[in-house]
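A.B. asks: A predicted structure for the sequence below; I have some questions about it.
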Amino acid sequence: MANTTWLLYYLTHRRFSLSFRSFFFIPTSLALFTSLFILFYISTTSTLFFSHQKPSIPHLNQPLLSGSSSIPQNKIPVPFNNNTKNPSVHVSKISRSKENSSDGKESQRSLWPQLSSSDGIYVNNEVFHDKDIFLEDYRQMNRSFKIYAYPHRRDDPFANALFPVDSEPGGNYASESYFKKVLMKSDFITKDPAKADLFFLPFSIARLRHDPRVGVGGIQDFIRDYILNVSQKYPYWNRTGGADHFYVACHSIGRSAMEKSEEVKFNAIQVVCSSSYFLSGYIAHKDASLPQIWPRQGDPPNLASSKRKKLAFFAGSINSPVRERLLDSWRNDSEIFAHFGRLTTPYSDELLGSKFCLHVKGFEVNTARIADSLYYGCVPVIIANHYDLPFADILNWKSFSVVVATLDIPLLKKILKGLSSDQYLKFQKKVLEVRRHFQWHLPPVDYDAFYMVMYELWLRRTSSDRVVRNKKLWGPVKSLTSLQPYANPRSNYPVPNEKNNGYIYAKLFGGFEKIKSSICDLVIISRLLNATLVIPEIQESLQSKGISYKFKSFSYLYDEEQFIASLKNDVIIVKSLPENLKAARRRNEVRTYKPKRYASPDFYVKEILPVLKKSKVIGLVLHDGGCLQSILPPSMSEFQRLRCRVAFHALKFRQEIQVLGQLMIQRLRASGQPFLAFHPGLVRNTLAYHGCAELFQDVHTELIQYRRAQMIKQGILNDELSIKSHVRRDNGSCPLMPEEVGLLLQAMGYSNSTMIYVAGSETFGGQRVLIPLRAMFSNTVDCTRVCTKRELSDLVGPETPLPLNPFQPPPTKSEEQLKEEWNKAGPRPRPLPPPPDRPIYQHEKEGWYGWISESDTEPDPSPVDLRMQAHRLLWDALDYIVSVEADAFFPGFHNDGSGWPDFSSLVMGQRLYERASSRTYRPDRRVIAELFNITRENMYYHRNHHWKISIREHLNKSLSEDGLIRQSLLSKPTTFLSHPLPECSCIIPSAEVPKQAKGNDGRFLYGGEDECPRWMQRSQEDTHPESAVAEDSSNDNSELEYENDGVEQQESDDKESKSSLTQLLMDQDDEWDPND
């Protein structure tokens, strides 16, 4: 409408004469156009104009899906009972979402399935996503799950908020008090923090808000001070940043109570009733939804459906636009009883007399109406968008409830009457099955609300498969054990002659990945042209960049002597040019080239070699991370093997880096457990190149788009500036976000205690984007957590001091200048005095992004920035050492198609070369995006058993031949070092016939390796059996350690004091009425 108003103003004031301006035609036409546009929008985004067919609900007692776990993207077929005559039903989920949401956002609408005549298998129509998995995990939870509650004295001034209530809880928000009271007397509590899986923060939001010393306005300060005291008195909070802590709150103020304690909000597990994943304070896969339950004892009478005469029922106050819409649509309807205000009849009678009971969003998405409906046998209808429903990880809500989007309230009767009586009875049967999970008991009863909440906590902190799948998570890939590293020359390979064609010197630009790849290509070019290579100059680590005087550019990162000596039989390498050639270079008499990364050997032989022979020296300037095409003809296989010798043998980091890197590996394995390395790949240049700006928010999006505009202007990128990031994400062009990687690792079975090392000196978005991953895996660390500040400082060496604070505040403006600016600023809606001179705060300007708030041009790097870029080379080197040696490696981004070498691909290539059987995941991001889209089609993350099977199947395949073939197809054409097979490997003969796969160009995608020399085969025969036995025994021992977790019982306290009237009033919330 704003655009239309502006257009109307423009047309009537700028384009036409005064006489025509008063004519009614233009505003009338625009008004009509606007009305038609609104009507078109409603018709395309609502189901108001769709006809709802009357489907048959599938048989509810079908077994779970077995066999293949692949799920079609366009429909999920459902089989019927054998004696039914109805055709199969196809739930057109994903296609429906795409149809209704052209911008990629999921649709919230709940439509009944459309009829189809094709056959198929239904994924799940039972109450549980997977009952067998749930029961297995439930038993394991009761055996080993332990929680440590921070202890407090009985005479603590706030004992009333830190200890469980003495009386039986009651009221609309009783779930918080029930959980706390039952937990503290349960066997889950341990007095030994070392045995604890989780730590409980025992403060009660419900009681603090009634405490006159605190009140609603003081809760945030209380929580902040409480966390500060806990972190100072105990080591457990600081150990994980609160990621293994949780608190419980049912009132909506509990979520906002953490505003002054961001570590609680972003790291700790929030078990809250107000579980809306639309709000930023709630993270669905980290936090858990607590059911809001009005306490009732026993089972209600008269549950027979024959006595339910009303179609649907709702009673409550008008406190949200959603309820206003419900009232406007069904105020005087004879079948849908929508009452606002207090009832004249008993609330329970209305629930017992209605087939469907409406849960409608009020102030928050949650109310007690869902539990009320289930208790009285009424099928709940959920009208609350973005509600992360309680126990959604466990229960299949679509089997016993109806979810209707708020936009479809006018269609409510049509949707509900689309069910036949038989179909309704099946829904109600599921309601009666599931309602026991929504009841509180003292003491607790198996599978009641308490145990279900405990299971939600168990899922967030423990992997149910950590015992049985330990070997599969960390053991070698058996199908690749026969591949061995072998980069030695295999034909007539002459030693280089000092009387050659001349010298080649080079300048290398870019980060760690480009430097490593460029050096390898330089050695190949020197061998190809029979030239002497001068140690290349790394521009990121020159003395002018502020590095320590102890190092030259190359020696800042690599060992020069090792580099020269290791390649003496391949290329002659010197540290500098002869004096006469140095003088020629100073006079700019040396020809310099800027070859492309895909330059062919013919380019060097035909164009550069004649110049080299004539002038005896040439210079190369490399920006793109290479200067020679990745795939070479089969006749040049020896040059490919030389690439491997350079990358994996000659390019050794200087001694100080190697020592610290090995020390980091020892510390990561100090506990005796393996660790996984993860490289996010969130680099600004990469995100800009692929158009992934919309994965971020605010200033980060602007920064990515600014860099993308630069790339387009420089000709690096031939694409539009503004594109849809979700489309790029779906086709696999964007990185996996850290929270997605966390979910994948959980699906694979990695436990919350798994040590995860985050590699990469640049993670765009900072530590904030890693918060969800740290919440899922508390032992997530990086080099700053593994190394001390002194160790990192010693690594960079003594450096010339630089001004630590380059920020200079702008000069203060005089009063006259302010008034003059005010007068020039144009008319205001109303006269105001000149504003005061607003101070410029330092945090607004400092850092690498402060410029974007006041300038359209990115400033040149400061001396501090240049020095930090050099330091990043060292941090990347440490991360590279750790990633190559890690027990498992998971890339967030690789095979990006840009042609630039990336960190993850280089790590994966070296791991493939040194230990092909090591666990290196090679995920297809496009497939992963499709699998995540399947889960997002539900109300949020319903990661059921079949989804996990699909994830495991894909990732396990990526470890073996399938992953290598894909890597060879996508990554090797741009970066040979990412997949140095078959040229740099050999195979040990075995009884199995080796598999082979060739591409359309005839080159081997998998297989084709030469047979290993006899000395290598004998060596493997001697060492392999012992290592296998040792590995099996170590895995068995680790499993026994998991299984022998102690079970500590706490003596229950049977001495309950009598409840006082004051306590009762504090526990009973003032909003106790079921009608709100």
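C.D. replies: Okay, I see it. Numbers count the residues shown, from 1 in each chain.

A.B. asks: Which SSE is immediately downstream of the host helix or strand of residue 518?
C.D. replies: When secondary structure is defined by DSSP states H and E, residue 518 falls within helix 512-528. Later in the chain than helix 512-528, the nearest helix or strand by DSSP H and E is strand 532-534.

A.B. asks: Tell me how far that following strand lies from the chain's centre.
C.D. replies: 45 Å (C-alpha atoms, centre = their mean, to the nearest Å).

A.B. asks: Can you name every helix or strand that that strand contacts?
C.D. replies: Secondary-structure packing of strand 532-534 (3 or more C-beta pairs under 8 Å, 6 or more residues apart in numbering; DSSP states H and E): strand 503-508, helix 512-528, strand 573-574. Every C-beta, even on glycine, is put in place using the N, C-alpha and C of the backbone.

A.B. asks: and the residue nearest the centre of the chain, backbone torsions?
C.D. replies: Among the residues of the chain, the smallest C-alpha distance to the mean C-alpha position (C-alpha atoms, centre = their mean) belongs to residue 739, namely 2.0 Å. Summarising the backbone geometry of residue 739 under the convention degrees, to the nearest 10, its torsions are phi -70, psi -30.

A.B. asks: pretty sure it contacts residue 266?
C.D. replies: No - in this structure, residue 739 is not within contact of residue 266 by C-beta atoms under 8 Å, at 11.6 Å.

A.B. asks: still on that earlier bit, with respect to residue 976, which of the helices and strands packed on strand 532-534 lies nearest?
C.D. replies: Distances from residue 976 to each of the helices and strands packed on strand 532-534 were compared using C-beta to C-beta; the minimum, 8.2 Å, belongs to helix 512-528.

A.B. asks: tell me the mean pLDDT over the closest one?
C.D. replies: Here the mean pLDDT over helix 512-528 is 94, rounded to a whole number.

A.B. asks: Low-confidence regions, the stretch 351-500 of the chain specifically.
C.D. replies: For the stretch 351-500 of the chain, residues meeting the criterion pLDDT under 70 lie at 462-471.

A.B. asks: Please enumerate the helices of it.
C.D. replies: Assigned by DSSP state H, counting those that start in this stretch, the helices in the stretch 351-500 of the chain fall at 369-375, 412-416, 421-434, 449-461, 470-474.

A.B. asks: contact partners of the first one?
C.D. replies: Counting by C-beta atoms under 8 Å, 6 or more residues apart in numbering, helix 369-375 makes contact with 291-294, 296, 300, 314, 316, 347, 351, 357-360, 378-380, 382, 389-390, 400-401, 431, 434-435, 438-439, 1074, all of which sit outside it.

A.B. asks: Can you check which of the helices and strands packed on strand 532-534 gets nearest to residue 867?
C.D. replies: Going through the helices and strands packed on strand 532-534 one by one, with C-beta to C-beta as the measure, helix 512-528 comes closest at 15.9 Å.

A.B. asks: now do the same end-to-end measure for stretch 263-283.
C.D. replies: The straight-line separation of the ends of stretch 263-283 (C-alpha to C-alpha, to the nearest Å) is 13 Å.

A.B. asks: Next, the buried residues of that stretch.
C.D. replies: By neighbour count with 16 or more other C-beta atoms under 10 Å, stretch 263-283 contains the buried residues 263-277, 281-283.

A.B. asks: tell me the contacts of residue 330?
C.D. replies: Taking C-beta under 8 Å, 6+ apart as the contact definition, residue 330 lies against 336, 338, 409, 412, 413.

A.B. asks: Now the two most distant members of those.
C.D. replies: Farthest-apart pair in the contacts of residue 330 is 338 and 413; separation 11.2 Å (C-beta to C-beta).

A.B. asks: more neighbours, the two?
C.D. replies: Each of residue 338 and residue 413 has its neighbours counted (other C-beta atoms under 10 Å); residue 338 has more, 21 against 15.

A.B. asks: What values do phi and psi take at the more buried one?
C.D. replies: When quoted as degrees, to the nearest 10, the phi and psi of residue 338 stand at phi -110, psi 100.

A.B. asks: In TSV, list the helices and strands packed on strand 532-534 along with mean neighbour count and distance to residue 223.
C.D. replies: Shown next, in TSV, are these (neighbours: other C-beta atoms under 10 Å; distance: least, C-beta to C-beta, whole Å):
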stretch	mean neighbour count	distance to residue 223
strand 503-508	23	52
helix 512-528	24	42
strand 573-574	18	62
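
A.B. asks: of all the ones you listed, which lies closest to residue 655?
C.D. replies: Taking C-beta to C-beta as the measure, these were each checked against residue 655, and helix 512-528 came out nearest at 18.2 Å.

A.B. asks: Does anything pack onto that closest one? Which helices or strands?
C.D. replies: Here helix 512-528 is seen to pack against strand 503-508, strand 532-534, strand 617-622, helix 637-645, helix 863-885, helix 903-914 when contacts are counted using 3+ C-beta pairs under 8 Å, 6+ apart.

A.B. asks: Settle this for me: residue 455 is touching residue 135, isn't it.
C.D. replies: No - proximity of residue 455 to residue 135 does not meet the contact threshold set by C-beta under 8 Å, at 10.6 Å.

A.B. asks: neighbour-wise, which of the two wins?
C.D. replies: The neighbour comparison of residue 455 against residue 135 (other C-beta under 10 Å) goes to residue 455, with 22 against 12.

A.B. asks: tell me the contacts of the residue nearest to the centre of the chain?
C.D. replies: Residue 739 makes contact with 283, 285, 772, 773, 776 under the criterion C-beta under 8 Å, 6+ apart.

A.B. asks: In strands, which of the residues you listed appear?
C.D. replies: If you go by DSSP state E, the contacts of residue 739 have nothing in strands.

A.B. asks: where do the strands sit along the stretch 901-1050 of the chain?
C.D. replies: 919-920, 985-987, 997-998, 1004-1006, 1010-1011 (DSSP state E, counting those that start in this stretch).

A.B. asks: Out of those strands, indicate the one that is most buried.
C.D. replies: Highest mean neighbour count among the strands of the stretch 901-1050 of the chain (mean count of other C-beta atoms under 10 Å): strand 919-920, with a mean of 25.

A.B. asks: Which other helices and strands does it contact?
C.D. replies: Applying 3+ C-beta pairs under 8 Å, 6+ apart, one finds that strand 919-920 contacts strand 888-891, helix 903-914.

A.B. asks: who wins for proximity to residue 817 among the ones you listed?
C.D. replies: The stretch from the helices and strands packed on strand 919-920 with the least distance to residue 817 (C-beta to C-beta) is helix 903-914; that distance is 49.9 Å.

A.B. asks: Please point out which parts of the closest one sit buried.
C.D. replies: 903, 904, 905, 906, 907, 908, 909, 910, 911, 912, 913.

A.B. asks: these two touch, right, the first one and residue 680?
C.D. replies: No - when contacts are counted by C-beta under 8 Å, residue 903 is not listed as touching residue 680 (9.8 Å).

A.B. asks: For residue 505, give its distance to residue 431.
C.D. replies: Remark: distance between residue 505 and residue 431 (C-beta to C-beta, to the nearest Å) = 79 Å.
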